[in-house]
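Colleague: Based on what follows, work out the 3D shape:
(one chain, ligands or ions: 2)
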Amino acid sequence: MPVNSSLPHDWFSISDVREKIRATPEALTRALNATQARVGFELARDVRVVPPSELPRKPGLSTEEGQARLLHDLASIELQALELGVRTLEQFPEAPSAFREELAEVTAGESRHLGLCLDGLEALGYSWGHWNVHTSLWNVVSDRDSLLDRILIVHRYLEGSGLDAGESMLARLKGVRNPHPKPIVQTILNEEVDHVAFGSRWYKQIATEMKLDLSLDFEARIRSIASVAPHRERLAYDRRRAAGFTDDELTILARFSPHGG
Ligand SMILES: [Fe+2]
Ligand SMILES: [Fe+2]
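Modeller: Ligands and ions are numbered 1, 2, ... in the order given. Modelled structure (predicted):
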């Protein structure tokens, strides 16, 4: 397959987050129209990237600093989700066009989520770059992924873990009076259910077309992803069911959860 790793006007090289949001519609159109698979993606950041273990302790959510930190961490996750979506579109031009169009919509949603987090952060008197960030979601994927790998890793495993984390965030925000963080987290969480459902549908469709045993395939893939990106949160069963996880799949996931689900 021909490969083009030096597209002009590379959206990935934009490090200013607001500028990246503004440039996203054009990047999505360009990615949707791409006919050559691209590999060799590099992230640009205008803030320092550190391993998650080097981020400072999170202040409590009763403080504005703690709320701002939560939105900053969430913004960093949404930014990576946005970049992962554009990357998949550029890397898999041969994917079914219905999949690509749906993915472009999901990815536009990530750009909106990023904007919501930045707005909330600023409303609290903070701004992007106040803390360092990690890129550990981005680091789980590789140019060697197949389309099925990518769908499972990003839209079922990482975004699925986001449903679990979002539910625990909402529980911790319950008593918080400040109007900013809660509706943002709630809106994002509601929309993420659709993103994960998109991953569940396409995983099932493509794996079925490939005549894979869904249960064996799911378990093998989860085992290998969990070895590099351990699952940390209690499973949000209801949200995950609404996002297309079967009871069989939830039983398998629970084996890789520190809480046993
Ligand atoms: Fe998102
Ligand atoms: Fe998402």
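
Colleague: For the stretch 51-200 of the chain, which residue gets nearest to ligand 1?
Modeller: Nearest to ligand 1 in the stretch 51-200 of the chain, going by CB to the ion, is H113, at a distance of 3.7 Å. (Glycine included, C-beta is placed from N, CA and C.)

Colleague: Contacts only, for the closest residue to ligand 2 within the stretch 1-150 of the chain.
Modeller: Closest approach between the stretch 1-150 of the chain and ligand 2, counting by CB to the ion: A81, at 4.9 Å. Applying CB atoms under 8 Å, 6 or more residues apart in numbering to A81 gives the contacts T107, E110, H113, L137, V154, L158, E159.

Colleague: so what pLDDT did the fifth one get?
Modeller: V154 carries a pLDDT value of 98.

Colleague: Same check on the fourth one?
Modeller: In this model, L137 is scored at 96, pLDDT.

Colleague: The third one now?
Modeller: On pLDDT, H113 comes in at 98.

Colleague: That one: which element?
Modeller: In this structure, H113 is located in helix 97-123 according to DSSP states H and E.

Colleague: after that helix comes which helix or strand?
Modeller: helix 147-150.

Colleague: do the helix or strand just after that next one and ligand 1 meet?
Modeller: Downstream of helix 147-150, the first helix or strand assigned by DSSP H and E is helix 159-172. No - contact of helix 159-172 with ligand 1 (CB under 5 Å from the ion) is absent, the minimum separation being 7.2 Å.

Colleague: by contact count, what packs against helix 159-172?
Modeller: For helix 159-172, the packing partners by 3 or more CB pairs under 8 Å, 6 or more residues apart in numbering; DSSP states H and E come out as helix 64-91, helix 181-209, helix 237-242.

Colleague: tell me the mean pLDDT for it?
Modeller: Rounded mean pLDDT across helix 159-172 is 95.

Colleague: what do you get for stretch 219-228?
Modeller: 93.

Colleague: Could I get the CA-only coordinates of it as PDB?
Modeller: What follows is stretch 219-228, C-alpha atoms only, in PDB (Å, rounded to 0.1, in the frame of the first residue of the first chain):
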ATOM      1  CA  GLU A 219     -10.500 -11.900  25.600                       C
ATOM      2  CA  ALA A 220      -7.200 -12.200  23.800                       C
ATOM      3  CA  ARG A 221      -7.200  -8.500  22.800                       C
ATOM      4  CA  ILE A 222      -8.200  -7.300  26.200                       C
ATOM      5  CA  ARG A 223      -5.500  -9.400  27.800                       C
ATOM      6  CA  SER A 224      -2.800  -7.900  25.600                       C
ATOM      7  CA  ILE A 225      -4.000  -4.300  26.000                       C
ATOM      8  CA  ALA A 226      -4.400  -4.600  29.800                       C
ATOM      9  CA  SER A 227      -0.800  -5.800  30.000                       C
ATOM     10  CA  VAL A 228       0.300  -2.400  28.700                       C
END
